[in-house]
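Enquirer: Have a look; sequence and predicted model below, questions after that.
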Amino acid sequence: MNSTMNYYELLGVKQNATEEEIRLAYKKQMKKWHPDINKSPDAVNMSTKINEAKEVLLDSIKRSDYDEFLKQKVNDDYAKYTRDKQARAYSNNYYNTHEDKKEEYQDKKVTKWQYLKDWLKFANVSSLRKTVGLIGVLLESLLCFIIKILIIGIAFLCNTISDIFKQFIYYGALFFGLFAVFVISQIVSKGFIETMKDSEYSSAIIAVLVILFSCFILPLISRLLLSAKTFDILYNKIDIALFKKCVGYNE
């Protein structure tokens, strides 16, 4: 999911919040952004968005649709970053059958940068606090960007190493088969411990284990790193969480 302030984050509540918690959060935000209280040029726009959030989250049908929309955004980002054809096809199919909901919510989200801009303009805190908050947001955004690059880079490296060893096995299949039979016969006759005491056999067995690890475990690690859950954690649990800390956003 992108770094956005969705309706829950706009009100400062969790996704499993009760209706009473949503009402209390709505009142708290309106005390800050109501045009009669806040004379800033963006007060009307912000209060309108807060009202939209309350209207959707207090309507069980609209809230269910919106929760499904948020859930799908994770799969959509997953497809974008991994180019996974199946995930991308599911994403396209979802939006084709839920086009009205997509258009309804897409224009109403508040990105963290829009929220930061409003916070820097209108937050009732010192200039020093705003400067520290801005620096914190820039640093946490850089951190998340570096983490994303590392994740993609490590996953690419895992796949590359795995492909190299798979080609190695493919062209040396006969040799590996004969060697495996020979080593197994030695283990059966001498026992695993005695076989491993022989440096030649132990080195060969370790080499085979490394090859097997590269062929079968590294692709699993790659898929885990590029999974939708990983990117959900990166953007929602790290990026947005750190952003809230930087600007003092209280749930």
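Expert: Everything's here; your move. Numbering: from 1, shown residues only.

Enquirer: Can you list the buried residues in stretch 11-20?
Expert: By neighbour count with 16 or more other C-beta atoms under 10 Å, stretch 11-20 contains the buried residues Leu11, Gly12, Val13, Ala17. All C-beta atoms are positioned from the backbone trio N, CA, C, and that covers glycine.

Enquirer: Check the separation of the first and last residues in that stretch.
Expert: Stretch 11-20 has an end-to-end distance of 13 Å (C-alpha to C-alpha, to the nearest Å).

Enquirer: averaged over its residues, what pLDDT does it have?
Expert: Regarding stretch 11-20, the rounded mean pLDDT is 89.

Enquirer: Looking at the buried residues of stretch 11-20, which two lie furthest apart in space?
Expert: Within those, two members stand farthest from each other by C-beta to C-beta: Gly12 and Ala17, at 9.4 Å.

Enquirer: Mutual contacts of the two, please.
Expert: By the contact definition C-beta atoms under 8 Å, 6 or more residues apart in numbering, Gly12 and Ala17 are jointly contacted by Ala25.

Enquirer: just the helices in the chain please.
Expert: Using DSSP state H, the helices found in the chain span residues 7-11, 19-33, 43-57, 60-82, 85-97, 99-106, 112-122, 127-171, 173-190, 192-197, 199-212, 218-225, 228-232, 241-247.

Enquirer: looking at those helices, which is buried most?
Expert: Of all the helices of the chain, helix 7-11 carries the top mean neighbour count, a mean of 24, counting by mean count of other C-beta atoms under 10 Å.

Enquirer: Packing partners of that one?
Expert: For helix 7-11, the packing partners by 3 or more C-beta pairs under 8 Å, 6 or more residues apart in numbering; DSSP states H and E come out as helix 19-33, helix 43-57.

Enquirer: Low-confidence regions, the chain specifically.
Expert: By pLDDT under 70, the low-scoring segments of the chain are 1-4, 73-110, 173, 192, 195-202, 204, 250-251.

Enquirer: Break it down into its structural domains.
Expert: Per the record, the chain has its domains at 1-111, 125-251, by automatic domain parsing.

Enquirer: Closest to Ala123 out of the buried residues of stretch 11-20?
Expert: Closest to Ala123 out of these is Gly12 (14.2 Å), distances taken as C-beta to C-beta.

Enquirer: quick one: the closest one and Val56, what's the gap?
Expert: Gly12 is 15 Å from Val56, where distance means C-beta to C-beta, to the nearest Å.

Enquirer: With that, I have no additional questions.
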